[in-house]
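[1] pasting the sequence and the predicted model now:
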Amino acid sequence: MHKINLAEKLAQVSTYWDPRVVARYNDNDVMVVKFAGAFPYHKHDATDDFFLVLDGEVTMDYATHPPVTFGPGEIVVVPRGVVHRPRAAAVATVLLIEPTGEPNTGDSGRAPAPKAPI
């Protein structure tokens, strides 16, 4: 029952593709993360993926659909089972919401981030 300043939390993040938990909401992790470059293609079979760009620009590439580019204040929800990869040509800051314990890497084969709280 307190406020969370996302800019202050993001100032503590120095790595990319490493979501950090800032709050928990109905068995979901609310996280901030910095994107730079491209993440591997992957999918999540059991859950949708929620992305809200706070700063910068992100392109969501899909295996079977045209890419979508979105910026500050814009949301993309990737439906469960859809193969996708986020990428950012320059550093972008993003808010993610995922079920607690869901690996951010899906089925990519990449080791999942620990999602440590900040």
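    Ah, there it is.
[2] helix/strand/coil for the spatially most central residue of the chain?
    The centre of the chain sits closest to L96, judged by Cα atoms, centre = their mean, with a distance of 4.4 Å. L96 falls in the strand class when you classify it by DSSP: H, G, I helix; E, B strand; the rest coil.
[3] now for the residue lying closest to it once chain neighbours are set aside: which residues touch it?
    Leaving aside its chain neighbours, L96 sits nearest to M31 (4.6 Å; criterion: Cβ to Cβ, 6 or more residues apart in numbering). From N, CA and C alone the C-beta is placed, and that goes for glycine too. By Cβ atoms under 8 Å, 6 or more residues apart in numbering, the contact set of M31 is 19-22, 95-98, 115.
[4] run a quick neighbour tally on P67.
    P67 has 11 neighbouring residues, counting by other Cβ atoms under 10 Å.
[5] that one touches D61, doesn't it?
    Yes. With contact defined as Cβ atoms under 8 Å, P67 reaches D61; the gap is 4.8 Å.
[6] coming back round to it: among the contacts of M31, name the buried ones.
    19-22, 95-98, 115 (16 or more other Cβ atoms under 10 Å).
[7] please, which helix or strand holds A7?
    Of the helices and strands defined by DSSP states H and E, A7 is found in helix 6-11.
[8] what packs against that helix?
    strand 20-25, strand 28-38 (3 or more Cβ pairs under 8 Å, 6 or more residues apart in numbering; DSSP states H and E).
[9] most tightly packed of those?
    strand 28-38 (a mean of 19; mean count of other Cβ atoms under 10 Å).
[10] show me what counts as buried in whatever helix or strand comes next after that one.
    Following strand 28-38 in sequence order, the next helix or strand is strand 49-55 (DSSP H and E). Using 16+ other Cβ under 10 Å as the test for burial, strand 49-55 gives 49-54.
[11] repeat for stretch 76-96
    So for stretch 76-96, counting by 16+ other Cβ under 10 Å, buried means 76, 78, 82-88, 92-96.
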